[in-house]
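1. how would this look folded up:
(one chain, ligands or ions: 2)
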Amino acid sequence: MTLHVDLLLKNIGQLLPMRSAGPRTGVAMQELEVLEGAVLGIKDGKIAFIGTKDSEITASEVIDCKGRLVTPGLVDPHTHVVFGGSREHEMALKQQGVPYLEILKQGGGILSTVEATRKASMEQLYDKASFHLDRMLTYGTTTVEAKSGYGLDKETELKQLRVAKELQQNHQIDLVSTFLGAHAIPKTHKDNPELFLEEMLDLLDEIKKEHLAEFVDIFTETGVFTVEQSRKYLQKAKDKGFELKIHADEIDPLGGTEMAASLEARSADHLVGASDEGIRKLAETGTIAVLLPGTTFYLGKSTFARAREMIEQGVTVSLATDFNPGSSPTENLQLIMSIAALYLKMSPEEIWNAVTINAAYAIGRGQEAGQLDLGRKADVVIWDAPNYLYIPYHYGVNHVNTVIKNGKVVVERMSIRE
Ligand SMILES: N=CN[C@@H](CCC(=O)O)C(=O)O
Ligand SMILES: [Zn+2]
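-> Numbers count the residues shown, from 1 in each chain. Ligands and ions are numbered 1, 2, ... in the order given. Sure thing, here's the model as predicted:
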């Protein structure tokens, strides 16, 4: 019997369905199913058919992919997309060699974005975040995690989370929300971080009641929160039914990676200074390593997270932009794929697994995003590229030709080859 679909993608050069029963872990990250000359059928916003060009299938609308690469929409599992202002003035300080944590200590960095975010109305935050999400969509990202953490007071943290909830309801991108009230110590609590953490914990019941976040995160770092403070804080969040994420060992190797694994966090993020023991524990517990090499690159550092050792030891590795106004102002996950190839020495196969299947599992969306399979939602990207090697290889530009979200074309870019 002939199948009729709403939209048919034909003449696909390479199709990466990324079908997997679970996250791809360790050396299994080398696995990549590549279908040559495939067709993809979409019906009612879902994948209805994956097959070859000879298949018996009719369609209301057909896109001729002309030999292009087709993949699932990318998943960005670590961003700080809701914030006020920007920090371009910090670039000169960075050039003078002022370290990131020193800028924060002087009341700049995260704390300057906190001031701008407190001043902004919900509408202003919504419009600005929406602009950044639009840009992510044009770069092929269809699912995004979004953190609060630029309020550092009850009112502004809730404001950020409510903006994220509205965006989740209205924006084409799917959003997953994380409460990062423990992102820095506000000036008012400089001498009493414990009291500040108590105040942030007080918000958890309201956050649960209003469904404002699924995850709780903390910045465990020198001059911010200690491992012991973080452990206590996260355990309380876990007891209240939240899943955990941690900004761990980004700058100084404090042992946040081990802590993340022992709390069975969903992910541990950054991990530039993760110890051997920390890496072993991630492999043991299945806590996903979300690596953010764009941040290391942008902070001008030469030591990157040890992705090769993580993969060889059986860790599940994912990649994200860490989009934020300070340490990684980019919405472009394709650029991060190139940086991962060049500096983390990840293979193209590992990179594609990291930005699709594993990224979706890192934010609890493994069953919905990051894969193209029958019955799954049709979040699809057609790339102006002949094969999957090409995206990390040709860096710094946008390779997207077309983005399809829930079966509908939402981005169509001009192709230089047409
Ligand atoms: N390191 C902590 N938080 C962010 C940066 C936030 C900022 O600088 O505004 C990060 O993941 O890099
Ligand atoms: Zn971050």
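2. from the stretch 201-350 of the chain, which residue is nearest to ligand 1?
-> Taking C-beta to the nearest ligand atom, ligand 1 has its nearest neighbour within the stretch 201-350 of the chain at G326, 2.4 Å off. For glycine as for every other residue, the C-beta is placed from the backbone atoms N, C-alpha and C.
3. check contacts around that residue.
-> 87, 90, 100, 109-110, 113 (C-beta atoms under 8 Å, 6 or more residues apart in numbering).
4. and if you look at R365?
-> 75, 143, 174, 176.
5. before we move on, back to that, out of the contacts of G326, which sit inside helices?
-> 90, 100, 110, 113 (DSSP state H).
6. Would you check which pair of these lies furthest apart?
-> Largest separation among the ones in helices among the contacts of G326 by C-beta to C-beta: Y100 and T113, giving 13.1 Å.
7. still on that earlier bit, in a strand, the residue of the stretch 201-350 of the chain closest to ligand 1, correct?
-> No - counting by DSSP: H, G, I helix; E, B strand; the rest coil, G326 falls outside a strand, being coil.
8. Close to ligand 1: what parts of this structure are there?
-> Residues of the chain lying near ligand 1 by C-beta under 6 Å from any ligand atom: 80, 109-110, 113, 219, 247, 250, 295, 322, 324-328.
9. Narrow the residues you listed to those that are buried.
-> Burial by neighbour count, 16 or more other C-beta atoms under 10 Å: within the residues of the chain next to ligand 1 this picks out 80, 109-110, 113, 219, 247, 250, 295, 322, 324-328.
10. Dump the contacts of G326 to TSV, plus pLDDT.
-> Listed next are the contacts of G326 as TSV, based on pLDDT from 0 to 100:
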residue	pLDDT
R87	96
E90	94
Y100	94
G109	95
I110	96
T113	98
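11. for the protein, which spans come out with low pLDDT?
-> By pLDDT under 70, the low-scoring segments of the chain are 54, 415-418.
12. So which bits of the lengthiest strand in the chain are buried?
-> Identified as the longest strand of the chain according to DSSP state E is strand 3-15. Of the residues in strand 3-15, 5-10, 12-15 count as buried by neighbour count, 16+ other C-beta under 10 Å.
13. what do you get for stretch 43-56?
-> For stretch 43-56, by 16+ other C-beta under 10 Å, it's 43, 45-50.
14. Which residues are in contact with the nearest residue to L291 once chain neighbours are set aside?
-> Ranked by C-beta to C-beta, 6 or more residues apart in numbering and with sequence neighbours excluded, the top spatial neighbour of L291 is A305, at 4.7 Å. Applying C-beta under 8 Å, 6+ apart, one finds that A305 lies in contact with 270-272, 274, 289, 291-293, 296, 344.
15. For the stretch 151-300 of the chain, which segments count as helices?
-> Counting by DSSP state H, counting those that start in this stretch, the stretch 151-300 of the chain has helices at residues 154-170, 193-202, 204-209, 227-239, 256-262, 276-285, 293-298.
16. The ones you listed: which one's closest to E61?
-> That would be helix 154-170 among the helices of the stretch 151-300 of the chain, by C-beta to C-beta, at 25.4 Å.
17. contacts for the closest one?
-> By C-beta under 8 Å, 6+ apart, helix 154-170 touches 81-83, 114, 117-118, 122, 125-126, 129-130, 133, 146, 148-151, 173-175, 177, 179, 181, 199-200, 202-203, 206-207, 210-213.
18. From those residues, keep the buried residues only.
-> Buried among those by 16+ other C-beta under 10 Å: 81-83, 114, 117-118, 125-126, 129-130, 133, 146, 148-151, 173-175, 177, 179, 181, 199-200, 203, 207, 212-213.
19. Filter these down to the ones in strands?
-> Using DSSP E, the members of the buried ones among the contacts of helix 154-170 that fall in strands are 146, 174-175, 177, 179, 181.
20. Spatially, which two of those residues are the most separated?
-> Taking C-beta to C-beta, no two of those sit farther apart than D174 and G181, at 23.1 Å.
21. Give me the domain ranges for this protein.
-> The chain resolves into domains spanning 3-72+372-412, 74-363 when parsed by the TED database.
22. Show me the two of the buried residues of stretch 43-56 that sit farthest apart.
-> G45 and I50 (15.7 Å).
23. ok, L204 - how many residues close by?
-> 20 (other C-beta atoms under 10 Å).
24. which residues sit in contact with it?
-> Contacts of L204 (C-beta under 8 Å, 6+ apart): 179, 216, 236-237, 240, 242.
25. Also R19?
-> Here R19 is in contact with 33, 371-373 (C-beta under 8 Å, 6+ apart).
26. try I311
-> Applying C-beta under 8 Å, 6+ apart, the residues contacting I311 are 26-27, 29, 317, 346, 350.
27. quick one: which of the contacts of R365 is nearest to ligand 1?
-> Checking these one by one against ligand 1 (C-beta to the nearest ligand atom), the nearest turns out to be V176, at 16.0 Å.
28. Look up how far D6 lies from the closest one.
-> Distance of V176 to D6, given as C-beta to C-beta, to the nearest Å: 27 Å.
29. Show me what V290 bridges to in the sheet.
-> D269, S318 (DSSP bridges).
30. What is the neighbour count of it?
-> With other C-beta under 10 Å as criterion, V290 counts 31.
31. before we move on, what about T296?
-> Quick note: T296 (other C-beta under 10 Å) scores 24 neighbours.
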